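Asks: sharing a model prediction with you, sequence too.
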Amino acid sequence: MCRLCDEGKPQDHTGSQLGRRDFLKASTATAAAAAGMSLFATRPARADNGDEAPGDSGRRGRRYVIRGGHVMSMDPNVGDFAQADVLVEGKKILAVGENLHAGGAAEIDARGRIVMPGFIDTHHHQFETALRSFLADGLLFDDRLPHGAINYFQYILGRFAGVYRPQDVHISELFGSLSQLDAGVTTSHDISQIHYTQQHSEAAIKGSADSGRRIVFGFFEGARADLLGSPPGAWYPEGASILKDKFFSSSDQLMTMFMGGEIYLLGNNTDTVPRTYHRAWALGRQLGIPIAAHIVGSFGMGPEFDKIALNTLYNTPNTTKFGADNLFIHMTGMSDSSWDQVKAVGAGVSLAVPIEMNMRHGTPPILKTLEKGILPSLSVDVEVTLTADMFTQMRSAMNLQRMFMNARALGEPYAAGFPDEELLTTRDVLRFATMEGAKDLKLDGKTGSLTPGKEADIIILDAEAINVHPVNVVPGAVVSLMDRSNVETVIVAGKVRKWKGKLLDVDLNHLRRQLENSRDDIFAAAGIPQNLYR
């Protein structure tokens, strides 16, 4: 066991077994769950007496119990409870049930609160935090009309990203990660296309680790203005083996690793070198790292994706193929035959519905995922355009699917060819934002549900707040009424990171100044004037 790894600060354990241990299997039986319950009763108001968070939370052997909340475990084998307790020891959940005996453990009073797993975001470009709202009106690419002039590829990746220094990467990663932690997102897949040098990559890792939450580090390319490949001298993708050995040799830490494998990237010498993703996918599989890629029809990726699908279908020798280790993001505009192969191999699909609708990625394929029997995870994508909270993602996915199905039911002409699907429910999209996220990030053995034996990634939501009270249906209250202001307490691997509405051990004023200074330097280096009211 490595203390620093436990705290989310990955260490170099090369050649050592330090930090490795077998996953602790559940050994404590849970109390009988009210699994069929759809209506949760509320409790009297909690007396707020200024008590502090349990001391030394997350440390080995330290116990505390979360008492009297509306517990939504997201695990059908554990169930839901109108009023129950969650017992935590060290990093692990020991038990979930009614009236648990905790042997004098510290207590968190959760009456009038909803207790559930932390949210999981499967795709987030955290390095862009300093550029928040810059592209609120923009598109993915230039469509040769006035509204497309300031766009994502030419400005965010083409002009801003290239001038980032490692210290700019660090503060954006840290601040963005803390912001999501504040919103109840306990796990995120950080896809930061900023990996020009080893120093940039290590700054991204350190920024995320310093936040103290669970992070999947996505090792992607370093973007440049022509968007065809990494700049000469960049260390993607070969640097993956160095990072894996140095920072991710242990499975017993808060940070894990994904390999980026964008299918649109060309080799630096396009006449003699095949597309970069062939090497990236092969290297990821050699290292045992799952592989992620953005798949966007409006960017012309369909034909290349179809080629990989055909190689997969016919098991063509010496070709790149889909696998269960793939996570495909967006999946807009892809053919049925490609979808069939994605389903056949068990690859994951991450939808970023609000961004896809706003930035012209194509219509979010919520109907196609469900038609093919694929349960998607949800992701926030870019804060240069939209918010990074999961309440927005859940509502958007649910509302879009229901709009399509309601149009079909009403006989509206444009919906005539839509598949006939059941309407999504609030519990469905909660599953997308928790259990399916854990599955797609290969973390479902550790997180995604309140299951004894899993690590204690838990959020406590204020259900007595004026925007929610009185609670009548718990999943409905979370998805249809709540926002980040309702996130009262956040726990990651047993450690309390936010308590009664305030992040712990964080000097936000100091970090704000660092982020503002970084922002000013980035704009200046990119030669782009700051215009607050353009």
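Replies: Perfect, I can see it now.

Asks: tell me the SS of the residue nearest to A136 when sequence neighbours are not counted?
Replies: Spatial nearest neighbour of A136, chain neighbours left out: T385 (5.9 Å); criterion: Cβ to Cβ, 6 or more residues apart in numbering. Bear in mind the C-beta positions are built from the backbone N, C-alpha and C, glycine included. Look at T385: counting by DSSP: H, G, I helix; E, B strand; the rest coil, its state is coil.

Asks: burial count for T385?
Replies: Using other Cβ atoms under 10 Å, T385 is surrounded by 24 other residues.

Asks: next, it: phi, psi?
Replies: As for T385, its main-chain torsions (degrees, to the nearest 10) stand at phi -120, psi -50.

Asks: thought A433 was touching G118?
Replies: No: judged on Cβ atoms under 8 Å, A433 makes no contact with G118 at a distance of 9.6 Å.

Asks: what ranges do the strands span in the stretch 301-450 of the chain?
Replies: 326-332, 348-351, 377-378 (DSSP state E, counting those that start in this stretch).

Asks: deepest-packed of the ones you listed, please.
Replies: Among the strands of the stretch 301-450 of the chain, strand 377-378 has the highest mean neighbour count (mean count of other Cβ atoms under 10 Å), at a mean of 28.

Asks: elements contacting it?
Replies: Applying 3 or more Cβ pairs under 8 Å, 6 or more residues apart in numbering; DSSP states H and E, one finds that strand 377-378 contacts strand 119-124, strand 348-351, helix 390-409, helix 426-432, helix 435-440.

Asks: measure the residue nearest the centre of the chain to F258 for me?
Replies: Among the residues of the chain, D121 comes closest to the average C-alpha position under Cα atoms, centre = their mean, at 1.7 Å. Counting by Cβ to Cβ, to the nearest Å, the gap from D121 to F258 is 13 Å.

Asks: name the residues contacting each of the two.
Replies: H189 (Cβ atoms under 8 Å, 6 or more residues apart in numbering).

Asks: any idea of the mean pLDDT for stretch 468-482?
Replies: The pLDDT scores in stretch 468-482 average 98.

Asks: how about it: buried residues?
Replies: By 16 or more other Cβ atoms under 10 Å, the buried positions in stretch 468-482 come out as V468, V471, V474, P475, G476, A477, V478, V479, L481, M482.

Asks: which of these fall within helices?
Replies: V474, P475, G476 (DSSP state H).

Asks: and the second one, how close does it get to N77?
Replies: Read it as P475. Distance, P475 to N77, using Cβ to Cβ: 18 Å.

Asks: hang on, the earlier thing: okay, the ones in helices among the buried residues of stretch 468-482 in CSV with distance to T129 next?
Replies: Below are these laid out as CSV (distance: Cβ to Cβ, whole Å):
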residue, distance to T129
V474, 32
P475, 30
G476, 32
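
Asks: what's the closest of those residues to L378?
Replies: Closest approach between those and L378, by Cβ to Cβ: P475, at 15.1 Å.

Asks: could I get the contacting residues of that closest one?
Replies: Taking Cβ under 8 Å, 6+ apart, we find P475 in contact with M72, T425, T426, R427, L430.

Asks: secondary structure element for V65, which one?
Replies: V65 is part of strand 63-72 when elements are defined by DSSP states H and E.

Asks: now do that strand: which elements does it pack against?
Replies: Contact here means 3+ Cβ pairs under 8 Å, 6+ apart; on that basis strand 63-72 packs against strand 80-89, strand 106-109, strand 113-117, strand 458-462, helix 474-476.

Asks: just checking: what are the partner strands of it?
Replies: strand 80-89 (antiparallel), strand 106-109 (parallel), strand 113-117 (parallel) (DSSP bridges).

Asks: what sits closest to V490 if chain neighbours are left out?
Replies: K498 (3.8 Å).

Asks: measure how buried the one you found is and give me the count.
Replies: So K498, with other Cβ under 10 Å, has 23 neighbours.

Asks: my read is that it contacts L504, right?
Replies: Yes: taking Cβ under 8 Å as the definition, K498 is a contact partner of L504 at 6.6 Å.

Asks: so where is the stretch 201-350 of the chain shaky, pLDDT-wise?
Replies: Along the stretch 201-350 of the chain, segments meeting pLDDT under 70 span 224-233, 267-273.

Asks: quick one, helices of it?
Replies: 240-247, 276-287, 302-314, 336-345 (DSSP state H, counting those that start in this stretch).

Asks: quick one: closest of those helices to D462.
Replies: It's helix 240-247; of those, that one is closest to D462 (Cβ to Cβ) at 36.2 Å.

Asks: how distant is that closest one from the center of its chain?
Replies: The chain centroid and the centroid of helix 240-247 are separated by 22 Å under Cα atoms, centre = their mean, to the nearest Å.

Asks: in a strand, A525, correct?
Replies: No: with three-state DSSP as the criterion, A525 is located in helix rather than a strand.

Asks: find the nearest non-adjacent residue to it, please.
Replies: A525 sits nearest to V163 (Cβ to Cβ, 6+ apart), 3.7 Å away.

Asks: again with H469
Replies: Going by Cβ to Cβ, 6+ apart, H469 has A463 as its nearest residue, at 6.7 Å.

Asks: confidence score at the one you found?
Replies: 98.

Asks: give the contact list for the residue nearest to F217 when sequence neighbours are not counted.
Replies: With sequence-adjacent residues excluded and distances taken as Cβ to Cβ, 6+ apart, F217 is closest to M257, at 5.1 Å. For M257, the contacting residues are V216, F217, G218, F219, A240, L243, K244, F247, F248, I289, by Cβ under 8 Å, 6+ apart.

Asks: this completes my enquiry, with thanks.
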